[in-house]
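K.L.:
Turn this into a model:
(one chain, ligands or ions: 2)
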Amino acid sequence: RRLALAGERHLPARTRDGHRVALRANVAVAADARAALTTGAEGVGLLRTELPFLNHPAWPTRDQHAAALVPVLRALTGQTVTARTLDFADDKLPPFLAQGGRLGRGLPLMLAQPQAFADQFRSLLGAGAETDLRIMIPMVATVDELRACRSLLHSAAAELELAAPPLGVMVELPEAVAAADGLAREASFLSIGSNDLTCQILGLDRRDPAATPAMAAHPAVLAAIHQVVTAAHRHHRHVSVCGDAAAHPLVTPLLVGLGVDSLSVAPAALDEVRARIRRLRHDTCATTAATALTLRTPEEVWQLVRQHCRPPL
Ligand code: PEP
Ligand code: MG
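P.N.:
Ligands and ions are numbered 1, 2, ... in the order given. Model (predicted):
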């Protein structure tokens, strides 16, 4: 079966009624990047840049960033690459931040370390010069934070005499959902981090076994995604989903139905997600998603998707 699905790699992720979804890959290291290209990804929708530093003793220097970035970005020459800036969160925390308690997390932590943040921007601009680079900020809560990031990025670009790449935001906090209209107005694109967003909305810890990708089908999470997609399209912005729910068989049809423009998934999931999209109808996904928004529990939504959007693979 895997072989049969691999046979569709050269075909676009397009539903039976002609609705196109861009299919990108989540990567961290060069081997992932090569796997993404082999499996026919249309570039990278999420490059996780903090993973090489999770056992690091101190803030990475510009050279240390470059050492991690150059191999993966070289493997992606000529490709669209959405590079996420350092996302040190509770579930991905290096020792130098784990001690000391009150240092903060996520984006407030980065904005409190503007030198460390600027070093990463400089390294990304240099290492990504041969790619179609976009930069994405995790854990954004407010438009002011986006502006602060943009100003750091633009200074780094001016200093290197390079054009600043498009700057997008991850929507993975309820605050960002509430601010979606303003974020869509000022960001170049939006990407929904369904792993964190699902936990945040449902009050689950990231490490809770109940925090599965399928829980993104909870009507409260779907309502948030719907709100973000509507805001993005109002401002003619591209909106993607880069959390693991994008590849879940009971959630992919709902995301397609809600009008998400691209899905970014692990390279190992690409063949299956592409094949699934090619067997779905967008009109059916849209009516199913609209009905799902009126339900009360994830179980009811899963049942609905099983009934209407489960093409045999
Ligand atoms: C997410 O939160 O959905 C996401 C893609 O980022 P991470 O899993 O790295 O937090
Ligand atoms: Mg996240």
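
K.L.:
which SS class is G168?
P.N.:
Under the three-state scheme (DSSP: H, G, I helix; E, B strand; the rest coil), G168 adopts strand.

K.L.:
who does the nearest residue to it once chain neighbours are set aside bridge with?
P.N.:
The shortest distance from G168 to any non-neighbouring residue, by CB to CB, 6 or more residues apart in numbering, is to F189 (3.9 Å). (Each C-beta comes from the backbone N, C-alpha and C, glycine too.) F189 has the following beta-bridge partners by DSSP bridges: H238.

K.L.:
How much space separates F189 from A89?
P.N.:
Distance of F189 to A89, given as CB to CB, to the nearest Å: 21 Å.

K.L.:
before we move on, what about A214?
P.N.:
22 Å.

K.L.:
ok, L5 touching L313?
P.N.:
Yes. When contacts are counted by CB atoms under 8 Å, L5 is listed as touching L313 (7.1 Å).

K.L.:
Have a look at those two and say which one is more surrounded.
P.N.:
A count of neighbours by other CB atoms under 10 Å puts L5 above the other of L5 and L313, at 18 against 13.

K.L.:
Which helix or strand contains the more buried one?
P.N.:
Element membership for L5 (DSSP states H and E) is helix 2-6.

K.L.:
Return the set of buried residues in that helix.
P.N.:
Applying a neighbour-count criterion of 16 or more other CB atoms under 10 Å, one finds L5, A6 buried in helix 2-6.

K.L.:
ok but R296 is inside a helix, no?
P.N.:
No. R296 is assigned coil when assessed by three-state DSSP, not a helix.

K.L.:
Quick check: the residue nearest to G168 vs L304, distance?
P.N.:
For F189, the distance to L304 - CB to CB - is 30 Å.

K.L.:
Output the below-cut-off pLDDT ranges for the chain.
P.N.:
Counting by pLDDT under 70, the low-confidence segments of the chain come to 99-104.

K.L.:
which residues sit in contact with the residue nearest to the spatial centre of the chain?
P.N.:
Nearest to the mean C-alpha position of the chain, by CA atoms, centre = their mean, lies C242 at 2.9 Å. Contacts for C242 (CB atoms under 8 Å, 6 or more residues apart in numbering) come out as R24, N26, G45, L46, T82, M170, S191, I192, G193, S194, L263, S264.

K.L.:
who are the neighbours in contact with the nearest residue to A290 once chain neighbours are set aside?
P.N.:
Leaving aside its chain neighbours, A290 sits nearest to G257 (7.5 Å; criterion: CB to CB, 6+ apart). By CB under 8 Å, 6+ apart, the residues touching G257 are H282, T284, C285, A286, T287, T288, A289, A290, C309.

K.L.:
now swap in L111 and tell me
P.N.:
F117, E145, A148, C149.

K.L.:
Looking at those residues, which are in helices?
P.N.:
Members of these lying in helices (criterion: DSSP state H): F117, E145, A148, C149.

K.L.:
Now those residues in JSON lines, please, with extra columns for distance to A269.
P.N.:
JSON lines is the format used below for the ones in helices among the contacts of L111 (distance: CB to CB, whole Å):
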{"residue": "F117", "distance to A269": "31"}
{"residue": "E145", "distance to A269": "31"}
{"residue": "A148", "distance to A269": "34"}
{"residue": "C149", "distance to A269": "29"}
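
K.L.:
Close to ligand 2: what parts of the chain are there?
P.N.:
E172, G193, D196 (CB under 5 Å from the ion).
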